[in-house]
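Participant: model the structure of this input:
(one chain, ligands or ions: 1)
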Amino acid sequence: MTASAAMVAEFDDVAGWTAEAVEQLGQRHAIPATCRGSASPAALAWLAEACELAAGSTLLDVGAGAGGPAAWAAERFGVRPILLEPMPAAGRAAARLFGLPVIAADGRRIPLRTGSVDAAWCLGVLCTVRDKAAVLAEIHRVLKPGASLGLLVVVARGPQTLPVPDGNHFPTEAELRALLAGAGFELLDQVGPPGPPPRSWSRRAEQVAAVVATRHRAHPAYALAAHQGERFTHLFASGQIGVRLLHAVSRASTQVTDGGMMSAPRDQDGFLHELEVEVEAEVSLVEASRPGEVAELPITDWLFDPTDAEREEIGLRGLLDAVEVLEDGARPDDHVA
Ligand SMILES: C[S@@+](CC[C@H](N)C(=O)[O-])C[C@H]1O[C@@H](n2cnc3c(N)ncnc32)[C@H](O)[C@@H]1O
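Facilitator: Got it, this is the predicted structure:
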């Protein structure tokens, strides 16, 4: 993902600030404030029902942001989410606020095994990705055959004469249908956006936004993110873009799309165990570098950047947590009924 400054501001800086503000205001604010692509519980409920989310099943949320939708699905439907998010502060915010496993990765290259995931969501993400086909193909690869994909997509409703938010490429509905079919999905159902969220929900999101504004209004990233938001507002108000919720299922595929590296669905337990051992070894290596102690030293004495080491450790721990979720899923006896 090549992100512009405006996208980093919108998806990363604001996510980190949002987590801080939630910590000040209380956990009741966490889910409403961190549902950014999908700011409505009615939209999430439609997707969850369409995908028939089941307690104990794994839900991969691609482009999970600061984690609100996945946390909502875990709370309401008892799924075991795995979050995938390329922006580091957003991933850290999700881990901090909800204690969910977060993989720091791009949706075009998902570090999970073929056919290992029960269901996937990708909410408000596709319009921010140029290579939508690659993201959909990767989601298809990691889903079990017949598994559900829930999408929330901002679509183009005609030519966009107004300025488009930086980094956004809105597909038309016809393009979206073709992309889904091309990636091996069968589109089963789609609707327009459900009604607005209840006041109790939007009030909590607004309170968090107000704290973020008070603390960070002077920061250049705040202005960049606000500018992105204004462009969205104008495009929606003019009817040039709109929101669609879609439910598709993964058709079985015999194609090997990952060069064979992760494509053999047999012996999943063995693969996950090997991956776990490798990631644990990496975590030990990073821990051995003692970033905390190094940070205390004068910068001239640093042999490596302790912030990088800490980031790497957080990323590896997220991957380890995701492996554990999948390992539990690979043992049917451990599932919640
Ligand atoms: C509008 S936010 C939606 C966040 C979350 N899905 C939600 O509904 O609240 C879009 C998210 O997509 C992520 N994203 C952008 N490009 C991506 C890519 N190539 N792979 C995975 N995620 C990506 C961004 O970092 C951002 O967190």
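
Participant: Asn168 contacts Leu126, correct?
Facilitator: No: contact criterion Cβ atoms under 8 Å: Asn168 and Leu126 do not qualify, at 9.9 Å. C-beta here means a position set from N, CA and C on the backbone, and glycine is covered the same way.

Participant: so which strand or helix has Gly242?
Facilitator: strand 241-250 (DSSP states H and E).

Participant: same check, this time on Ala119
Facilitator: According to DSSP H and E, Ala119 maps onto strand 117-123.

Participant: spit out the contact partners of the spatially most central residue of the chain.
Facilitator: Among the residues of the chain, the one closest to the centroid is Ala64, at 1.6 Å (Cα atoms, centre = their mean). By Cβ atoms under 8 Å, 6 or more residues apart in numbering, the contact list for Ala64 reads Ala70, Pro81, Leu83, Leu84, Glu85, Ala90, Gly91, Ala94, Val102.

Participant: can the strand holding Gly242 be said to contact the ligand?
Facilitator: No: Strand 241-250 is not in contact with the ligand by Cβ under 6 Å from any ligand atom; minimum separation 11.2 Å.

Participant: okay, now the sheet partners of that strand, with direction.
Facilitator: strand 143-156 (antiparallel), strand 185-191 (antiparallel) (DSSP bridges).

Participant: ok, and what's touching the shortest one?
Facilitator: Counting by Cβ under 8 Å, 6+ apart, strand 185-191 makes contact with 46, 50, 136, 140, 149, 177, 180-181, 244-251, all of which sit outside it.

Participant: same question for it: list its buried residues.
Facilitator: Phe185, Gln190 (16 or more other Cβ atoms under 10 Å).

Participant: show the subsequent helix or strand relative to it.
Facilitator: helix 199-216.

Participant: report the buried residues of that next one.
Facilitator: Going by neighbour count (16+ other Cβ under 10 Å), the buried part of helix 199-216 is Trp201, Arg204, Ala205, Gln207, Val208, Ala209, Val211, Val212, His216.

Participant: okay if I get those residues as CSV plus distance to Cys35 and pLDDT?
Facilitator: Below are the buried residues of helix 199-216 laid out as CSV (distance: Cβ to Cβ, whole Å; pLDDT from 0 to 100):
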residue, distance to Cys35, pLDDT
Trp201, 9, 96
Arg204, 11, 97
Ala205, 8, 96
Gln207, 14, 97
Val208, 11, 98
Ala209, 12, 97
Val211, 17, 98
Val212, 15, 97
His216, 20, 97
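
Participant: tell me the one among those residues nearest to the ligand.
Facilitator: Comparing the buried residues of helix 199-216 against the ligand with Cβ to the nearest ligand atom places Ala205 closest, at 11.0 Å.

Participant: part of a helix, is Gly16?
Facilitator: Yes: the assignment for Gly16 by DSSP: H, G, I helix; E, B strand; the rest coil puts it in a helix.

Participant: for it, give me its contacts.
Facilitator: Gly16 neighbours (Cβ under 8 Å, 6+ apart): Ala89, Ala90, Arg92, Ala93.

Participant: quick check: Cys127 is in a helix.
Facilitator: Yes: assessed with three-state DSSP, Cys127 lies in a helix.

Participant: state the distance from it to the ligand.
Facilitator: Noted for Cys127: a distance of 8 Å to the ligand, by Cβ to the nearest ligand atom, to the nearest Å.

Participant: same deal with Gly56?
Facilitator: 22 Å.

Participant: run a quick neighbour tally on Leu179.
Facilitator: 18 (other Cβ atoms under 10 Å).

Participant: do you know how far it is from the ligand?
Facilitator: With distances taken as Cβ to the nearest ligand atom, Leu179 is found 14 Å from the ligand.
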